[in-house]
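Visitor: return a 3D structure for these sequence lines:
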Amino acid sequence: MIMKILLIKLGYSETLDPEVGKVTSLGDVLRTTPLLDALKKVNPEAEITWVVDEVAAPLLVNIPLIDRIIVLDPFVPFQLMREKFDTVINLEKHPGVCALADMVDAWARYGFRFDATTGQYQAYEKGQGFLEYIRDKSHPDPERRPWQQNLIEMLGLEWKQQPYLLGIKPHGEVRFDVGLNHMVGSKWPNKRMSDGHWQSIAEAMEEAGLSVSWQQGLENLQEYTDWISSCRVILSQDSLGLHLALALNKRVVGLFGPTDATEIYLYGLGEILRSESCPYMPCGIPSCHFESHCMSDISLSQVMTAIKRQLQPGAE
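Guide: Here you go, the predicted model:
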């Protein structure tokens, strides 16, 4: 009999962060996809159903390891409560989604559940590692493992550097040396370097004879993917573009300040530059309260050296 697995990852909340909201995090959905390969390795015949928000659904369409994609709408909860599954994996902390996960007919449950006493999220027995990780995340840990590894191992599976999976297939050829992925989502404006810093980087690259392209396709995931595919190297802050570049096997230089760079696994495709001057790094705060912003501490010379290194043939 085929095992049925229900994976609930809408993108409403960052799985391993304390925040809970309803602004869809496309990057968090994308970096959940390595879990699919880990699940299929254990149960090759398993039928995986993924429940996702409409905005993030294009990331998953056409991924062969997903047997069914259900885009959440007002009627989906009634459907799920009448269907039987062997396993439910709920990676959302929104209380209403947790309550739905509790009501789905399943033998095993992983991730987050609803606490009927407090009205907030809690964790299933096979999900306590999530709560411990979120609790400890405010304390910087240089030994912290990559996000994907944490997710996979917390679910009792084996981490084997499973790659990102992306349903969107890029069109077009490589046309630029460097893509400047300079924007970030509305949740974390603190992750972005200033316009002036980005402009200085672009001018230095052009003076060095490099062809540069500014971020394109922000309103359309296909166009955004096509733009990333058109660049040899992507220079990016901690955002969706960084994860898309890794999914497309692009060379990357990641720029990090308030968020934890140790969670990012680069699959041997690049390097990370981070601010070192602020004693509170990584602070995990969406908006900076200090006069000097940490992202401005990443120097132009650091960026140029890293970009030239990643443009070299056979870069490691």
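Visitor: nearest spatial neighbour of A306, chain-adjacent residues omitted?
Guide: In space, not counting the residues next to it along the chain, A306 is nearest to V253; the distance is 4.6 Å by C-beta to C-beta, 6 or more residues apart in numbering. From N, CA and C alone the C-beta is placed, and that goes for glycine too.
Visitor: likewise for G111?
Guide: N90 (4.2 Å).
Visitor: my guess is that neighbour contacts G96. True?
Guide: No - the pair formed by N90 and G96 falls short of the contact definition of C-beta atoms under 8 Å, at 11.4 Å.
Visitor: so between those two, which is more surrounded?
Guide: Neighbours per residue (other C-beta atoms under 10 Å) separate N90 from G96, with N90 holding more: 29 against 13.
Visitor: residue contacts, the more buried one?
Guide: Listed by C-beta atoms under 8 Å, 6 or more residues apart in numbering, the contact set of N90 reads I8, V97, C98, A101, R109, Y110, G111, F112, R113.
Visitor: redo that, cut-off 7 Å
Guide: When contacts are counted by C-beta atoms under 7 Å, 6 or more residues apart in numbering, N90 touches I8, V97, C98, A101, G111, F112.
Visitor: show me the beta-bridge partners of it.
Guide: Under DSSP bridges, the beta-bridge partners of N90 are I8, G111.
Visitor: look up how far T32 lies from it.
Guide: Computed as C-beta to C-beta, to the nearest Å, the N90 to T32 distance reads 12 Å.
Visitor: please apply the same query to H197.
Guide: In this view, H197 and T32 are 31 Å apart by C-beta to C-beta.
Visitor: more neighbours, the two?
Guide: Each of H197 and T32 has its neighbours counted (other C-beta under 10 Å); T32 has more, 26 against 19.
Visitor: any idea which helix or strand in the chain has the lowest mean pLDDT?
Guide: One helix or strand of the chain scores below all others by mean pLDDT, DSSP states H and E: helix 128-136, with a mean of 82.
Visitor: what pLDDT does the model give the residue nearest to G111?
Guide: The predicted structure scores N90 at 97 on the pLDDT scale.
Visitor: my read is that I5 contacts I48, right?
Guide: Yes - contact status for I5 versus I48: in contact at 4.9 Å, counting by C-beta atoms under 7 Å.
Visitor: so what sits against both of these two?
Guide: Taking C-beta under 7 Å, 6+ apart as the contact criterion, the common neighbours of I5 and I48 are L39.
Visitor: so what sits opposite the residue nearest to A306 in the bridge?
Guide: Each beta-bridge partner of V253 is listed here: L235, E271, as defined by DSSP bridges.
Visitor: ok, it - contacts?
Guide: In this structure, V253 makes contact with V233, L235, G270, E271, L273, V303, A306, I307, Q310, judged by C-beta under 7 Å, 6+ apart.
Visitor: is it true that the last one touches K250?
Guide: No - if you go by C-beta under 7 Å, Q310 and K250 don't touch, sitting 9.5 Å apart.
Visitor: run through the strands of the stretch 151-300 of the chain in chain order.
Guide: Taking DSSP state E, counting those that start in this stretch, the strands of the stretch 151-300 of the chain run over residues 176-181, 212-214, 231-237, 251-256, 270-274.
Visitor: make TSV from the ones you listed and add mean pLDDT to it.
Guide: Rendered in TSV, the data for the strands of the stretch 151-300 of the chain read as follows (pLDDT from 0 to 100):
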stretch	mean pLDDT
strand 176-181	98
strand 212-214	98
strand 231-237	97
strand 251-256	96
strand 270-274	94
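Visitor: for those, give me TSV that also has distance to A57.
Guide: As requested, those are exported to TSV (distance: least, C-beta to C-beta, whole Å):
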stretch	distance to A57
strand 176-181	22
strand 212-214	27
strand 231-237	23
strand 251-256	25
strand 270-274	28
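Visitor: with respect to Q149, which of the ones you listed lies nearest?
Guide: Nearest to Q149 among the strands of the stretch 151-300 of the chain is strand 270-274; the distance by C-beta to C-beta comes to 16.1 Å.
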